[in-house]
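Participant: Provided below for reference: sequence and predicted model.
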Amino acid sequence: MKAKRDPYSVVRNFLHRAPDEALLPGPTKLVAVFEDFRIQLPKIAARMDHEIDEVQPLSSYRVFLSCVTEYLKAVG
C-alpha cells in the first residue's frame, strides 16, 4: 500500500530546480506564495484591464501568463 503524498511536494520535488538552477523553496513556502498570488490576481488583472473571470490558465493562457509575470516582478 502506497502512502499518500502531498501534491505540492510531488510537483516541487519533480521540478526541484528553478530555470536558473537555483533550488526551489520547500512546499510550505511554495503554497504560501501561490496563495498570495491568488489573492493578488484580481488586482493584477484589473491593472491589465481584465476581469478576473477573463484570466484563466487554459482559455486565456497569454493573459494568465502576463499576470504571473507581473506578480513575479513585484515580489522580486
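Facilitator: Alright, I've got the coordinates.

Participant: the protein: helices as residue ranges?
Facilitator: Listed in chain order, the helices of the chain (DSSP state H) span 7-15, 27-47, 61-75.

Participant: how near is the spatially most central residue of the chain to residue 49?
Facilitator: Nearest residue to the geometric centre of the chain (C-alpha atoms, centre = their mean): residue 34, 4.9 Å. To residue 49, residue 34 is 24 Å away according to C-beta to C-beta, to the nearest Å. No exception for glycine: its C-beta is placed from N, CA and C like everyone else's.

Participant: go on, residue 42?
Facilitator: Distance from residue 42 to residue 49, by C-beta to C-beta: 13 Å.

Participant: who's more crowded, the two?
Facilitator: Higher neighbour count among residue 42 and residue 49: residue 42, with 15 against 7, using other C-beta atoms under 10 Å.

Participant: ok, now which ones touch the closest residue to the more buried one other than its chain neighbours?
Facilitator: Residue nearest to residue 42 in three dimensions, not counting chain neighbours: residue 52, with 4.6 Å by C-beta to C-beta, 6 or more residues apart in numbering. Applying C-beta atoms under 8 Å, 6 or more residues apart in numbering, we find residue 52 in contact with 41, 42, 45.

Participant: let me know whether residue 71 touches residue 42 as I believe.
Facilitator: No. In this structure residue 71 lies outside contact range of residue 42 using C-beta atoms under 8 Å: 11.7 Å.

Participant: could you report the neighbour count for residue 10?
Facilitator: Counted with other C-beta under 10 Å, residue 10 comes out at 11.

Participant: from residue 30, how far off is it?
Facilitator: 12 Å.
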